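A.B. asks: Okay, here's the prediction I keep looking at, along with the sequence it came from:
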Amino acid sequence: MKALLEKGVRISLEAEKLADSSSIPPEELLSLQKNFITEDDVRLLIAQKNENKKEEPLDAEQKAKFIPPSGFHPLAKEYGPSLRFHEKLDVTGKSRGSGTVDDFVAYFRDRFQRLSRMLTAYSSKYPEAALQEMKKSEGQKVKSIIMITDIRQTKNNNILMDVEDLEGKFKILFSQRDEKTFERAKLLVRDDIIAVFGKVTNAFIVVEEFEFPDLPISRDRKVCEKDVAIAYLSDIHFGSNKFVQPYLDGFVDWLHGNRGNPELAGKIKYISIAGDLVDGIGIYPNQERELTEKDIYKQYAQFDAFIQSLPDYIEIIVGPGNHDAVRRGEPMPAIPTDMVKSDVHLIGSPAYATIENSDHLIYHGTSTDSWIASIAKLSYDKPEHVMVECLRRRHLSPIFGGNAIVPERMDYMLIEKEPDVLHFGHVHKNGYTKYRGTLVINSGTFQSTTDFQLKQGHIPTPGRVPVLELKSDALRTLDFSR
Ligand SMILES: [Fe+2]
């Protein structure tokens, strides 16, 4: 990048790596006419370069691979779709965050106010007190809604936290003598918003109990009359040399009634895909060595070919992941239609979709990394436990700075509505649980173990597809890796 320096142009390290791996020569970077070139500038340049490239025609052979047997009469074909999206809770087309101080203030204020409303609903025998007024409550028992700004251990091994509300600051203390609350406090992370109950003593609230915003304890299961089913996918990674085409072919072949349990295959009316359709380019250092396809448009053309090979009565919902061609910061807008050209429902991450009468919250799950780094008992082996922590917090990514968040005026990562199904991907490991009436699904991957995962000791579960039958509420996993 000497040529840039000679012209007085600076370039970020990430941008330089991306330009190198995508073979962008310095003269093209100079054509941007910028004094400082960022990673986004290079991405834009790559996108412009590819703009005029023709779409690859669908390989006829690929389509002909999946011909249903003559006796296959899918039930899902008999029904029309019932699908609704909640645009207000999806950032697509609405992003205004530019990272100014005002944006950050508005973002945290929105988060605090909306979660406070949920926390206010908890009844309390103690009066609610603002932190600014707390010194006047010395010796009294109070309830307070707070955001945690710092966590540390005291010399006596108690846990001390700096906390804030909209007007004031204070400190709260968890004493190890109160074993039950002390153990629960180990689950708390920076930026958590909770309600604390306790006595004000020497400029601390000594916490007796605390509550997360959480889901209501139970909800009635919604009954769906139509005997249809949803399949959940994520992390397909077209373009990666670890993408396992035969497993995905097995799934498509099954949908066409050619494999075991064609009755269930015929019920699939919807497919929800939670991001990482492609492996992308320039996502991590030296990624190009692990790609079979280095053109992002061609990676998406492979995804489009997959969509076209699916039965045409199936509705497909597609959200982005951190490998897709959208901004890195969350919330992520929908993948642009010049990338995914098929007739699918493109949504942001996170986004809500009501499928029949089941409210789905679909999120790629990028924050899983910061959760696992922050809470000792969480691991990549049990992604469903991370997802439960999100439900408890009513927030998909509370740890600010843990992974990139764009401070929008509204916090799209907040879990406004209780979902019937929470669908994540990202960790490439299937995981399921039920928490307070919400079915939690991590849908695994179609990519086998990468060198990076091998070094981390992380073993993915490629080729396993969870399927939910809406009428019976039965969830099962079909294994296409066999
Ligand atoms: Fe992925």
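C.D. replies: Yep, that arrived. Only a predicted model underlies this, so the values are computations on that prediction, with no experimental measurement involved.
A.B. asks: Buried residues in the strand or helix carrying Ala15, which are they?
C.D. replies: Counting by DSSP states H and E, the element that carries Ala15 is helix 13-21. Buried positions in helix 13-21, judged by neighbour count with 16 or more other C-beta atoms under 10 Å: Ala15, Glu16, Lys17, Leu18, Ala19, Ser21. C-beta: built from backbone N, CA, C; applies to glycine.
A.B. asks: I figured the first one hits Asp41, correct?
C.D. replies: By that I understand Ala15. Yes - if you go by C-beta atoms under 8 Å, Ala15 and Asp41 touch, sitting 6.5 Å apart.
A.B. asks: For Ser175, give me its contacts.
C.D. replies: Ser175 sits next to Asn158, Phe182, Val206 when contact means C-beta atoms under 8 Å, 6 or more residues apart in numbering.
A.B. asks: Tabulate these (JSON lines), appending neighbour count.
C.D. replies: Shown next, in JSON lines, are those (neighbours: other C-beta atoms under 10 Å):
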{"residue": "Asn158", "neighbour count": "18"}
{"residue": "Phe182", "neighbour count": "16"}
{"residue": "Val206", "neighbour count": "19"}
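A.B. asks: so can I have a markdown table of those showing secondary structure?
C.D. replies: Below are the contacts of Ser175 laid out as a markdown table (DSSP: H, G, I helix; E, B strand; the rest coil):
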| residue | secondary structure |
| --- | --- |
| Asn158 | coil |
| Phe182 | helix |
| Val206 | strand |
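A.B. asks: Tell me the one of those residues nearest Lys471?
C.D. replies: Closest approach between the contacts of Ser175 and Lys471, by C-beta to C-beta: Phe182, at 45.5 Å.
A.B. asks: Which helix or strand in the chain has the lowest average pLDDT?
C.D. replies: Using mean pLDDT, DSSP states H and E, helix 60-64 stands out as the lowest-scoring helix or strand of the chain, at a mean of 56.
A.B. asks: export the top helix by length along the chain as PDB, just CAs?
C.D. replies: As assigned by DSSP state H, the longest helix anywhere in the chain is helix 101-120. What follows is helix 101-120, C-alpha atoms only, in PDB (Å, rounded to 0.1, in the frame of the first residue of the first chain):
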ATOM      1  CA  VAL A 101     -22.900  10.700  21.300                       C
ATOM      2  CA  ASP A 102     -26.500  11.700  20.900                       C
ATOM      3  CA  ASP A 103     -27.200   8.400  19.200                       C
ATOM      4  CA  PHE A 104     -25.700   6.400  22.100                       C
ATOM      5  CA  VAL A 105     -27.700   8.400  24.700                       C
ATOM      6  CA  ALA A 106     -30.900   7.900  22.800                       C
ATOM      7  CA  TYR A 107     -30.200   4.200  22.300                       C
ATOM      8  CA  PHE A 108     -29.500   3.500  26.000                       C
ATOM      9  CA  ARG A 109     -32.500   5.700  27.100                       C
ATOM     10  CA  ASP A 110     -34.800   3.700  24.800                       C
ATOM     11  CA  ARG A 111     -33.500   0.400  26.200                       C
ATOM     12  CA  PHE A 112     -33.800   1.600  29.800                       C
ATOM     13  CA  GLN A 113     -37.300   3.000  29.400                       C
ATOM     14  CA  ARG A 114     -38.700   0.000  27.600                       C
ATOM     15  CA  LEU A 115     -37.100  -2.600  30.000                       C
ATOM     16  CA  SER A 116     -38.100  -0.500  33.000                       C
ATOM     17  CA  ARG A 117     -41.700  -0.700  32.000                       C
ATOM     18  CA  MET A 118     -41.500  -4.500  32.100                       C
ATOM     19  CA  LEU A 119     -39.600  -4.400  35.500                       C
ATOM     20  CA  THR A 120     -42.100  -2.000  37.000                       C
END
